[in-house]
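In: please find the sequence and the predicted model below.
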Amino acid sequence: MIGKISSISSVLTVALFAASVLIAGRRAQAQSETVLYSFCSAGTSCPDGEDASSSLIADGAGNFYGTTQSGGIGVGYGQGTVFEISPDGDGGWTETVLYAFTGGTDGGRPVSPVMLDNFGNLYGTTQNGGTDNYGVVFKLTPTGNTWAETVLHSFAGGLDGENPTAGLIMDSQGNLYGTSDLCAFELSLSGVTWTLQVIYELGGGTHAALTMDPAGNLFGVNSFSEVFEISPNGSGGWNPATIIHTFTGAPGDGYYPEGTLVLDKAGNLYGTTTNGGTNNSGTVYELTPGSGGVWSEKILYSFGGANSNGEEPWAGVVLAAAGKIYGTTPFSFQEGTAGTVFGLMPQVGTGTYKEKILWTFDFTNGADPIGGVILDNSGNLYGTTSSYGAQNGGNVYRINMHVLPTTTALTSSLNPSIYGQPVTLTATVTSKLGPPPDGETVTFMQGPVTLGTGTLSAGSAIFTTSTLRTGSVQIAAVYYGDAQFNISKSKPLTQQVSRATTTTTLVSSLNPSSYGEPVTFTATVVSQFGSTVAGSVAFYDGNTLLGHAVGVSGGTASYTTSTLSVRTQTIGAKFEAGPGFTGSSASLRQTVN
């Protein structure tokens with residue numbers, strides 16, 4: 001998907017890609033994530049969009065553009081949007097829906113990125129909608145504070161193509177190129193009319209856009225697990241496509257290519273497959289041109305295996321300085337995770353790469369990053385997740401590549417403590433340049449369960465709880481970082497929590513009473529620190545159980561009987577404690593006449 005982004009600075013696909021390769025490298029440091037925007041924040045029907053399955057593009061002024069597959073306006077959750085994410089001038093970000101699709105002739109369900117021309121217009125595709133509901137190619141033109149849509153082509157199915165899921169690229173003459181489920185096409189403007197020409201019958205499309213080299217040759221992949229090249233014939237047309245590589249699958253090759261190809265300055269192609277490789281969990285590969293039009297392939301990395309890394313990359317990769325390669329996987333092996341942002345680091349002198357997981361999504365910070373990442377001039381990565389996050393609609397995120405390491409330490413105000421007794425936990429976050437800014441959040445965890453959060457002030461955050469379970473409790477504090485400070489987690493603190501003692505009192509509703517007269521006995525159970533008790537009370541006449549145990553509710557349990565014998569007898573109440581409490585008992589003398 002990186003090929004589409006190159007249109008920002010130059011309509012020739014390779015131009016901006018080459019620029020991204022020249023971004024100055026920095027010394028490797030730890031990473032953190034910043035969520036720029038969470039979709040579905042504007043309401044339960046997600047008028048601001050939902051399910052961002054595409055990568056982003058940038059306009060060079062700090063703004064980002066993308067699409068969501070659903071949300072917007074219309075029936076249910078809408079038919080998708082084109083959105084803009086812009087800095088708000090106060091350290092935050094603002095999302096603006098530039099266009100919301102209706103699913104009618106204007107199109108619906110976009111899953112591909114948009115591209116920018118030199119005049120600030122946006123171009124893209126939708127997989128549904130249009131005259132025949134086979135999708136459209138659209139253009140969005142800024143008009144004041146709004147954007148106007150023009151449908152450039154409505155797919156008719158068959159040889160005309162259908163249901164495009166890949167983005168577009170543009171050449172220096174303003175012609176558009178893309179793929180649909182059946183073909184690769186060129187859209188050319190003559191006067192005010194756009195005309196579609198099928199330049200290659202794919203037989204089955206993918207999510208990968210086309211990529212163009214400086215000579216005007218087009219490269220792409222199809223659902224037959226092939227990489228193809230289409231070359232101009234010099235007369236305004238195109239030569240028949242040439243298959244430059246056919247994937248053979250695991251274990252020696254990839255299979256099912258989905259990611260958009262990327263060209264480096266030497267003319268080598270880089271891409272991803274969702275399957276194949278050593279572990280049949282996908283690959284990153286390189287294709288190198290040789291003499292006689294023969295290309296050779298090298299598998300740079302196979303996903304899966306014993307390590308807890310990602311699997312099945314759908315998007316293409318982005319090349320960075322010093323030969324580094326970045327990308328995403330929508331899936332990951334580690335339990336409780338849902339995708340990764342990864343880096344492949346070249347191992348000097350070996351010709352091999354080592355994977356580094358830059359970020360792992362855990363549902364709370366997003367999940368399923370189907371789209372790829374793009375680089376800014378500082379080397380930070382930007383992308384989208386298609387689901388979960390703060391509002392369960394996916395998000396736009398930034399991976400901060402150059403952040404300061406932090407250390408988080410955790411202390412307890414009272415250890416050991418007693419169940420129900422207030423315990424104040426204090427987390428202290430430090431770095432070489434001092435603490436993170438006031439107002440940021442620290443999360444206090446008991447295993448995988450969040451106990452609560454505290455707000456940093458002068459490097460410390462506190463949280464007080466009286467609900468810690470009894471026994472040895474493992475607690476940790478997590479600082480999730482920001483654009484300058486990295487995430488850190490404290491060493492586990494073992495909090496010893498003893499059971500709370502209880503006191504039981506017993507009263508009779510009628511004492512003395514007459515034979516056969518109903519009498520209600522009420523036991524009141526109070527815990528050592530006033531916390532709500534759990535358990536049941538058994539009532540006895542001497543050593544004889546009266547009925548069955550009664551659950552404590554609101555600190556009391558009652559039992560009514562009219563069968564007590566005529567005499568003075570001892571009535572007992574025994575509190576059978578639940579977790580966190582000790583048992584206790586009480587008794588009284590009941591006289592029955």
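Out: The structure has been received and is ready for your questions. Keep in mind that what you see is a predicted model, and the values were worked out from it rather than measured.

In: from now on I want contacts and neighbour counts done on CA atoms only, so please keep to that.
Out: Will do.

In: report how many residues lie close to the nearest residue to Phe331 once chain neighbours are set aside.
Out: Leaving aside its chain neighbours, Phe331 sits nearest to Gly339 (4.2 Å; criterion: CA to CA, 6 or more residues apart in numbering). Residues lying near Gly339 (other CA atoms under 10 Å) number 29.

In: I'd guessed Gly339 sits against Asp368; true?
Out: Yes. Using CA atoms under 8 Å, Gly339 is in contact with Asp368, at 5.4 Å.

In: joint contacts of these two?
Out: Thr329, Pro330, Phe331, Phe361 (CA atoms under 8 Å, 6 or more residues apart in numbering).

In: give me every residue that touches the last one.
Out: Each residue near Phe361 by CA under 8 Å, 6+ apart is listed here: Thr337, Ala338, Gly339, Thr340, Ala367, Asp368.

In: gap between the residue nearest to Phe331 and Ser386?
Out: Separation of Gly339 from Ser386 (CA to CA, to the nearest Å) stands at 11 Å.

In: need the residues touching each of the two.
Out: Both Gly339 and Ser386 are in contact with Ala367, Asp368, Pro369, where contact means CA under 8 Å, 6+ apart.

In: so what touches stretch 324-331?
Out: By CA under 8 Å, 6+ apart, stretch 324-331 touches 310-320, 337-346, 367-373.

In: leaving out sequence neighbours, find the closest residue to the spatially most central residue of the chain.
Out: Computing the C-alpha centroid of the chain and ranking residues by CA atoms, centre = their mean puts Gly366 first, at 1.8 Å. Nearest residue to Gly366, sequence neighbours excluded (CA to CA, 6+ apart): Gly389, at 4.0 Å.

In: ok, now Phe521?
Out: Ser508 (4.6 Å).

In: contact partners for the one you found?
Out: Ser508 makes contacts with Val519, Thr520, Phe521, Thr522, Gln590, as judged by CA under 8 Å, 6+ apart.

In: ok, so of the shared contacts of Gly339 and Ser386, who is nearest Asn239?
Out: Checking the shared contacts of Gly339 and Ser386 against Asn239 by CA to CA gives Pro369 as the nearest, at 36.2 Å.

In: can you point out the buried residues in stretch 127-144?
Out: Neighbour counts using 16 or more other CA atoms under 10 Å place 127-141 of stretch 127-144 among the buried residues.

In: repeat that for stretch 507-517.
Out: Val507, Ser508, Ser513, Ser514, Tyr515.

In: all strands of the stretch 451-593 of the chain, in order?
Out: In the stretch 451-593 of the chain, the strands defined using DSSP state E, counting those that start in this stretch lie at 460-465, 471-479, 488-489, 493-498, 502-508, 519-527, 535-541, 544-545, 550-551, 556-561, 567-577, 584-592.

In: please pick the buried ones from the contacts of stretch 324-331.
Out: Members of the contacts of stretch 324-331 classed as buried by 16+ other CA under 10 Å are 310-320, 337-346, 367-373.

In: related to what we said a few turns ago, reformat the strands of the stretch 451-593 of the chain as JSON lines; add distance to Val284.
Out: Converted to JSON lines, the strands of the stretch 451-593 of the chain look like this (distance: least, CA to CA, whole Å):
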{"stretch": "strand 460-465", "distance to Val284": "43"}
{"stretch": "strand 471-479", "distance to Val284": "33"}
{"stretch": "strand 488-489", "distance to Val284": "30"}
{"stretch": "strand 493-498", "distance to Val284": "41"}
{"stretch": "strand 502-508", "distance to Val284": "63"}
{"stretch": "strand 519-527", "distance to Val284": "61"}
{"stretch": "strand 535-541", "distance to Val284": "58"}
{"stretch": "strand 544-545", "distance to Val284": "73"}
{"stretch": "strand 550-551", "distance to Val284": "61"}
{"stretch": "strand 556-561", "distance to Val284": "66"}
{"stretch": "strand 567-577", "distance to Val284": "59"}
{"stretch": "strand 584-592", "distance to Val284": "66"}
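
In: tell me which of the ones you listed lies nearest to Val82.
Out: strand 471-479 (33.5 Å).

In: leaving out sequence neighbours, find the closest residue to Gln421.
Out: In space, Gln421 is closest to Ser466, 5.2 Å off (CA to CA, 6+ apart).

In: that neighbour: how many residues sit nearby?
Out: Count around Ser466 with other CA under 10 Å applied: 15.

In: how about the one 10 residues further on?
Out: One way to gauge burial is a neighbour count; for Ala476, by other CA under 10 Å, it gives 25.

In: measure it to Val403 for me?
Out: 22 Å.

In: just give me how far stretch 38-49 sits from the chain centre.
Out: 16 Å (CA atoms, centre = their mean, to the nearest Å).

In: what's the end-to-end length of it?
Out: When the termini of stretch 38-49 are compared using CA to CA, they are 9 Å apart.

In: repeat for stretch 58-69
Out: Across stretch 58-69, first to last residue, CA to CA, it's 19 Å.

In: give the rounded mean pLDDT of it.
Out: Averaging pLDDT along stretch 58-69 gives 95.

In: what's the offset of it from the middle of its chain?
Out: The chain centroid and the centroid of stretch 58-69 are separated by 18 Å under CA atoms, centre = their mean.

In: can you tell me which residues contact the closest residue to Gly158 other than its chain neighbours?
Out: Distance criterion CA to CA, 6+ apart; nearest residue to Gly158, sequence neighbours excluded, is Leu182 at 7.6 Å. Contact analysis of Leu182 by CA under 8 Å, 6+ apart lists Gly158, Leu159, Gly161, Glu162, Glu201, Leu202, Gly203, Gly204, Gly205.

In: and Phe333, how many neighbours does it have?
Out: The number of residues packed near Phe333 is 17, by other CA under 10 Å.

In: wait, isn't it in contact with Gly305?
Out: No. Taking contacts as CA under 8 Å, Phe333 lies outside contact range of Gly305: 9.0 Å.

In: understood, closing this out.
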